[in-house]
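[1] just to be clear, the model below is a prediction. Sequence and coordinates:
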Amino acid sequence: MDDRLEFLLPLEPVQGQEYVFRHHVPLKAEVAVQYWSRRDGKTQPPEHLLVFILGERPLPHQLMIGNPGLLGYYPPFLSHLHSILPPTHAILSTSNIGHSPYLKAPDIPLDLDGQLASKVELVQSLSAHLSAWALKEGVEKPRLSLIGHSVGAWLSCQVKKRLPELLDAVFLLFPTVGWISETWNGRTLWPIFRWPTRQLLPTLAPLLGPILPLTTFPPTTLTLLRSPITIRHCLDLSVSEMEVIRDPDLGWFSEQAMYESADSTETSQAVRGVYGIWSAGSLDGSVGREGRMVQDALGGPHGGRVKVLHKVPHAFCLTLEHSRVVAESLAEWLKSRPL
């Protein structure tokens, strides 16, 4: 068993407890994680562990339209989801390397491929740890699935491609999986990522210190504004996202829709493949023309794998109301029958 994951068996049930996971890939670095253990208090591994990969968005995006990208924005959503899932389920959310203001960041910010390598390592470590734990307890190996928000959805899909045998399902929340630079938000913010603006923002952030107590920014945003190093890492990753995330792999999404969907009642096979939740209309400025294309590849709203929510924005986790709507929509798939 992996001693880096000892926190998966707490002395008593925990909800949103924060820990640190020590990555070895692509470099040695610490990342913040939050854990919701199985609610029934048993010492056996969870029957289903859901790994949440958040969507990192740049500082200007957070300030102007509230697009989240740090762990602190998500506990209301994940806590509600955890409370309505079977008591044998657990949730682990993970941040990105260099994006936790209170942890030492690498000297050189990781690009998108580097962050992806770290997510692959985490899933491999979790799978091996859960297998050993289940063997020790004499129970079946737990199921392992991913939930990805925004760019976290792209990362989740890439992990699934690389580790298809280790993962059961991937749930996409307002996914940015194609042509980010061509979306409304991408076109609006792209000038900020060019030199010298990208170099200046981290150095200018400390000048805001005296006025921060007078603002209405949430605590998570205030913590970010007080960390120039974290701002630099977030901005550099945003540039990499716009350069790397281009044509969506529609053929792969179609293949993922060939598994029987969670809405079907004809058989009892485990739920597998990809599911997605989108905003209706033009409410989501981070999702462009690829949104409808991916929905169609997954079978559309009537195929059982796609949900389109009205009046719920991309940054759903900034309000409790929207967090509950998304959590309950997601839970319908997870509770439709045993995974």
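    That came through fine.

[2] quickly list what the residue nearest the centre of the chain is bridged to.
    Centroid-nearest residue in the chain: I53, 2.2 Å away (criterion: C-alpha atoms, centre = their mean). Per DSSP bridges, residues listed as beta-bridge partners of I53: T94, G148.

[3] ok, it touching Q158?
    No - the criterion here is C-beta atoms under 8 Å, and I53 misses it with Q158 at 10.2 Å. Heads up, the C-betas are built off the backbone N, CA and C, glycines and all.

[4] overlap of the contact sets of the two?
    K119 (C-beta atoms under 8 Å, 6 or more residues apart in numbering).

[5] rewinding a little: enumerate every residue touching the residue nearest to the centre of the chain.
    Counted by C-beta under 8 Å, 6+ apart, I53 has contacts 93-94, 119, 146-149, 152-153, 155-156, 159.

[6] how about a markdown table for these, with distance to P10 and neighbour count added?
    A markdown table is the format used below for the contacts of I53 (distance: C-beta to C-beta, whole Å; neighbours: other C-beta atoms under 10 Å):
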| residue | distance to P10 | neighbour count |
| --- | --- | --- |
| S93 | 15 | 24 |
| T94 | 17 | 24 |
| K119 | 23 | 26 |
| L146 | 22 | 26 |
| I147 | 21 | 25 |
| G148 | 25 | 29 |
| H149 | 25 | 32 |
| G152 | 25 | 27 |
| A153 | 29 | 27 |
| L155 | 27 | 28 |
| S156 | 25 | 29 |
| V159 | 25 | 25 |
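
[7] confidence score at the closest residue to D247 other than its chain neighbours?
    Leaving out its chain neighbours, the residue that sits closest to D247 by C-beta to C-beta, 6 or more residues apart in numbering is G178, at 6.3 Å. pLDDT, G178: 91.

[8] repeat that for the one 5 residues further on.
    On pLDDT, T183 comes in at 78.

[9] for it, give its distance to L11.
    Per C-beta to C-beta, to the nearest Å, T183 is found 45 Å from L11.

[10] now do the contacts for the residue nearest to E47 when sequence neighbours are not counted.
    Excluding the flanking residues, the one nearest E47 by C-beta to C-beta, 6+ apart is T88, at 4.1 Å. If you count contacts by C-beta under 8 Å, 6+ apart, T88 has them with 38, 40, 42, 46-48.

[11] buried subset of the residues you listed?
    Neighbour counting by 16 or more other C-beta atoms under 10 Å classes 38, 46-48 among the contacts of T88 as buried.

[12] for the protein, what spans make up the strands?
    15-23, 29-36, 48-53, 89-94, 143-149, 169-173, 273-279, 306-309 (DSSP state E).

[13] just list what the shortest one packs against, helices and strands only.
    Think strand 306-309. Packing partners of strand 306-309 (3 or more C-beta pairs under 8 Å, 6 or more residues apart in numbering; DSSP states H and E): strand 273-279, helix 320-335.

[14] any chance of the ones you listed in JSON lines, plus mean pLDDT?
    Below are these laid out as JSON lines (pLDDT from 0 to 100):
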{"stretch": "strand 273-279", "mean pLDDT": "97"}
{"stretch": "helix 320-335", "mean pLDDT": "96"}
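
[15] deepest-packed of the ones you listed, please.
    strand 273-279 (a mean of 23; mean count of other C-beta atoms under 10 Å).

[16] mind saving the C-alpha coords of that strand as PDB?
    What follows is strand 273-279 as a C-alpha-only set of coordinates in PDB (Å, rounded to 0.1, in the frame of the first residue of the first chain):
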ATOM      1  CA  GLY A 273     -17.800   5.500 -20.500                       C
ATOM      2  CA  VAL A 274     -18.300   9.300 -20.500                       C
ATOM      3  CA  TYR A 275     -21.100  11.500 -19.300                       C
ATOM      4  CA  GLY A 276     -21.400  15.300 -19.500                       C
ATOM      5  CA  ILE A 277     -23.300  18.300 -18.200                       C
ATOM      6  CA  TRP A 278     -23.400  21.600 -20.100                       C
ATOM      7  CA  SER A 279     -25.100  25.000 -19.800                       C
END
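
[17] what sits up against it?
    The contact list for strand 273-279 (C-beta under 8 Å, 6+ apart) reads 153, 157, 160, 169-175, 253, 256-259, 261-262, 284, 287, 291, 294-295, 298, 305-309, 312-314, 326, 329-330, 333.

[18] so how do I select the buried members of these in PyMOL?
    Applied in PyMOL, the following selects the buried portion of the contacts of strand 273-279 according to 16+ other C-beta under 10 Å:
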select buried, resi 153+157+160+169+170+171+172+173+174+175+253+256+257+259+261+262+284+287+291+294+295+298+305+306+307+308+309+312+313+314+326+329+330+333
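
[19] D284 against A315, yeah?
    No - under the criterion of C-beta under 8 Å, D284 is not in contact with A315, lying 9.3 Å apart.

[20] residues touching L167, list them.
    Contacts of L167 by C-beta under 8 Å, 6+ apart are 123, 144-146, 159-160.

[21] could you check how far it is from L334?
    L167 is 14 Å from L334, where distance means C-beta to C-beta.
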